[in-house]
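Trainee: Quick one: sequence and predicted model below, then my questions.
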Number of protein chains: 2
Amino acid sequence: MKLTLEDIGRLAGVSRSTVSRVINDQASVSPDVRTRVQEVIRNTGFMPNAAARSLVSSRTGVIGLVIPSRVHNLFEDPYFARLIQGVSAASNQAGTTLSLFLFQTEEEEEQLYPRVVASGLVDGVILTATRMGDPLLARMATGDLPLVMIGRPDIDGISYVDVDNHGGAKLAAIHLCNLGYQRIGLLGAPVSTTAGLDRLNGFIQGLATCGLALEPQLRADGDFSEGSGYVAMKELIPHEPDAVFAASDTMALGALRALREAGATVPGDVALVGFDGIAAAETSIPALTTVRQPVDATAARAVQLLNRLVRGDSTEAISELIPVELVVRESCGAARLAAGVEVT
Amino acid sequence: MKLTLEDIGRLAGVSRSTVSRVINDQASVSPDVRTRVQEVIRNTGFMPNAAARSLVSSRTGVIGLVIPSRVHNLFEDPYFARLIQGVSAASNQAGTTLSLFLFQTEEEEEQLYPRVVASGLVDGVILTATRMGDPLLARMATGDLPLVMIGRPDIDGISYVDVDNHGGAKLAAIHLCNLGYQRIGLLGAPVSTTAGLDRLNGFIQGLATCGLALEPQLRADGDFSEGSGYVAMKELIPHEPDAVFAASDTMALGALRALREAGATVPGDVALVGFDGIAAAETSIPALTTVRQPVDATAARAVQLLNRLVRGDSTEAISELIPVELVVRESCGAARLAAGVEVT
DNA sequence: GCGCTCTCTGGGAGCGCTCCCACGGGAAGA
DNA sequence: TCTTCCCGTGGGAGCGCTCCCAGAGAGCGC
């Protein structure tokens, strides 16, 4: 049995309009009437119908999180679970509902796209995990649906929140330099992603500040996944790096596996630094030194930004850079070096 | 510039009603009119307004996925990422939109619950990761919102899809028995979850078929997390099990870490079998023998069931048990034993 | 005391769609 | 030829809400 505003009004002895005013917290309702109506609402457990509401207000209170993880294993990375969780938490706090759009194939993307943007299902969209030159981003950007990206987009005029990939990678490089490593390699993320590109450039710049350069044979790229880190590390081993920076913790974990298989110790033979700060990096053996990015904060900022756009508080594109932090654990060998062990 | 049915009708030279018929694929539209209307729709990129649609039809085409992961670290488990992915994929295929409700705190749950069920935001709900005696489940069950659980509920009259936890755990126990292990321990999942309980009972029953019993000191429970597996394994080590079944792969990975720290080899000193079949179980060293559950299939069945309930095709509670599969890798020692190495 | 303003309240209109009924016209049967 | 039926189509009604305007009554100054 569905209640309507009219029903509540009848029960409280007022009109539909007054009930609406109470629900929407508008002024010009006398205190006693307001409490009376609130009483009835509480007793009946009434909730205004979302569809009717959004039909007239053309606002749904729903935001969309779009992740075109065409690469299936991309989702294997705990980063995305954390991100979804973070966005969900922020959305809950903002009083909005979260709809999740995971596009696994180009076809799904094609099919779902109109539904997301044209049907008015969502007030706005948070988009992440796009590639550079992604047609999806281009399409979304031209639409009039409020859009915020998590991760730097490769085109202008889009609001986004990004972690300081460049700065973080630079930090990692300098850290390894300072520990005295000379042959520092990179397990890169795809340069078709801005994160991958920024981490690459930051890393190179970090090395440069120490007077080092990234030797081409000491670089192999992966796709953020464990398996790709494993494969990439195998490529590097013959060229005998004494330290390696992996563009994601998950890749670093894969590298760890490759090194263990090759009989190399970490950090004894090869030092290792990751990026992200996933939970598994704490419990790996050795524990992974990493550049921690605050995923929750990033997600929260994205939701806030989006809501601002939805409300129309600001129309120009805003961007924000979230700082990262180097977490020194065992895999970089800092502790051993501090204890006076020589780098071999 | 928002188009309406009326606009499309005008452009195609027909009425609003006819356009509606075309969109909803109803009979009694002449072929030429139908194509003419479809043409206009394609050219304009028109999508019917979801709010107006659901206002009159009281169907939103949205299903909710509710995960009350009050224990934050529960989400650390890649199982949930896979589950969300699976549900999303199935929802996409069914043509519905997925809304995600992650309740991180009791408070959030309290706040969001009315919005989920009373506002008509969703047509139905998939609920998972509840505890036994969970008030949330009780509340949902009494509502008139179609509900399907993933995982066996502890109350009757609810449709659900569950993997064969009992059978899987039994399989694992028998496998270890058959390999000749005598002191077989258990790293249990919380018995406040039906999955934990079923895996416990299945395990005990499996041992029983081999004439073994679960010694109390060879059992320690965790909460599915890596850390809890680590702690639980530490408890077991002094009692010298020769094999251990962990109620989740993530816990098994924690156990692996504890064993390595203790200087015990796997499977040489202690054999290990997990449950779930997460990706990390393949790449761990040694690779984890595990009971693989088909998460995608489970999610897909849940979505199908829910949609059947939403359409009103069936009103009685349906349940389904998804079979699991033992995946033999290295950690159980099967290969070594086959090669003639003695169990110590 | 009268008119003015201001506060509070009620009801009409309409958001864009689906459902239902009515109606015109062609085919089929008598 | 006329009636009957059915197919294809159009338009009214109404889903439950918000917005806007109008009106009632209270309070105030002159």
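Mentor: Cool, the structure landed. Residues are numbered from 1 along each chain as shown, chains lettered A, B, ... in the order given.
Trainee: Where does residue A:220 sit: helix, strand or coil?
Mentor: Classification of residue A:220 using DSSP: H, G, I helix; E, B strand; the rest coil returns strand.
Trainee: doesn't residue A:236 make contact with it?
Mentor: Yes - with contact defined as C-beta atoms under 8 Å, residue A:220 and residue A:236 form a contacting pair (5.6 Å). Yep, even glycine has a C-beta here, placed from its N, CA and C like the rest.
Trainee: what is in contact with the two at once?
Mentor: Each of A:185, A:187 lies in contact with both residue A:220 and residue A:236 under the rule C-beta atoms under 8 Å, 6 or more residues apart in numbering or on different chains.
Trainee: Tell me, how many residues neighbour the closest residue to chain B within the stretch 201-344 of chain A?
Mentor: Distances between the stretch 201-344 of chain A and chain B by C-beta to the nearest C-beta are smallest at residue A:279, namely 5.1 Å. Neighbour count for residue A:279, taken as other C-beta atoms under 10 Å in any protein chain shown: 16.
Trainee: For it, which non-adjacent residue is closest in space?
Mentor: Once flanking residues are discounted, residue A:279 sits nearest to residue B:76: 5.1 Å by C-beta to C-beta, 6 or more residues apart in numbering or on different chains.
Trainee: Need the phi and psi values for that neighbour.
Mentor: phi -60, psi -30 (degrees, to the nearest 10).
Trainee: any idea how far residue A:91 is from the closest residue to residue A:157 other than its chain neighbours?
Mentor: What sits nearest to residue A:157 in space, not counting adjacent residues and going by C-beta to C-beta, 6+ apart, is residue A:317, at 5.2 Å. Using C-beta to C-beta, to the nearest Å, one gets 21 Å for the distance from residue A:317 to residue A:91.
Trainee: Need the three-state assignment for residue A:290.
Mentor: strand.
Trainee: so who does it touch?
Mentor: Going by C-beta under 8 Å, 6+ apart, residue A:290 touches A:249, A:252, A:273, A:274, A:275, A:276, A:277, A:278, A:281, A:326, A:327, A:329.
Trainee: just residue A:116 next, same as before
Mentor: Contacts of residue A:116 (C-beta under 8 Å, 6+ apart): A:64, A:66, A:101, A:122, A:125, A:145.
Trainee: Now with 10 Å, please.
Mentor: Neighbouring residues of residue A:116 by C-beta atoms under 10 Å, 6 or more residues apart in numbering or on different chains: A:64, A:66, A:99, A:101, A:103, A:109, A:122, A:125, A:140, A:143, A:145, B:47, B:97.
Trainee: Which neighbours in the sheet does the host helix or strand of the second one have, and how are they oriented?
Mentor: Residue A:66 belongs to strand A:62-67 when elements are defined using DSSP states H and E. Here the strand partners of strand A:62-67, with direction, are listed using DSSP bridges: strand A:97-102 (parallel), strand A:124-128 (parallel).
Trainee: Report the rounded mean pLDDT for it.
Mentor: On average, the pLDDT along strand A:62-67 is 96.
Trainee: how far away is the residue in the stretch 101-250 of chain A positioned nearest to DNA strand D from residue B:96?
Mentor: Closest approach between the stretch 101-250 of chain A and DNA strand D, counting by C-beta to the nearest atom of the strand: residue A:120, at 13.3 Å. Look at residue A:120 and residue B:96: by C-beta to C-beta, they are 16 Å apart.
Trainee: try residue A:298
Mentor: From residue A:298 over to residue B:96 the distance is 29 Å, taken as C-beta to C-beta.
Trainee: In stretch A:144-164, which of the residues would be classed as buried?
Mentor: Using 16 or more other C-beta atoms under 10 Å in any protein chain shown as the test for burial, stretch A:144-164 gives A:145-154, A:158-164.
Trainee: about what we covered before: okay if I get the strands paired with strand A:62-67 as JSON lines plus distance to residue B:115 and mean pLDDT?
Mentor: Formatted as JSON lines, those follow (distance: least, C-beta to C-beta, whole Å; pLDDT from 0 to 100):
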{"stretch": "strand A:97-102", "distance to residue B:115": "7", "mean pLDDT": "96"}
{"stretch": "strand A:124-128", "distance to residue B:115": "18", "mean pLDDT": "97"}
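Trainee: Take those strands and write them to CSV, including mean neighbour count.
Mentor: Below are those laid out as CSV (neighbours: other C-beta atoms under 10 Å in any protein chain shown):
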stretch, mean neighbour count
strand A:97-102, 24
strand A:124-128, 23
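Trainee: possible to save these as TSV with distance to DNA strand C?
Mentor: Converted to TSV, those look like this (distance: least, C-beta to the nearest atom of the strand, whole Å):
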stretch	distance to DNA strand C
strand A:97-102	19
strand A:124-128	19
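Trainee: so residue A:304 touches residue A:87, yeah?
Mentor: No - the pair residue A:304 / residue A:87 is not scored as a contact, 11.2 Å apart, by C-beta atoms under 10 Å.
Trainee: quick one: stretch A:329-340 to chain centroid distance?
Mentor: Counting by C-alpha atoms, centre = their mean, to the nearest Å, stretch A:329-340 is centred 30 Å from the centre of its parent chain.
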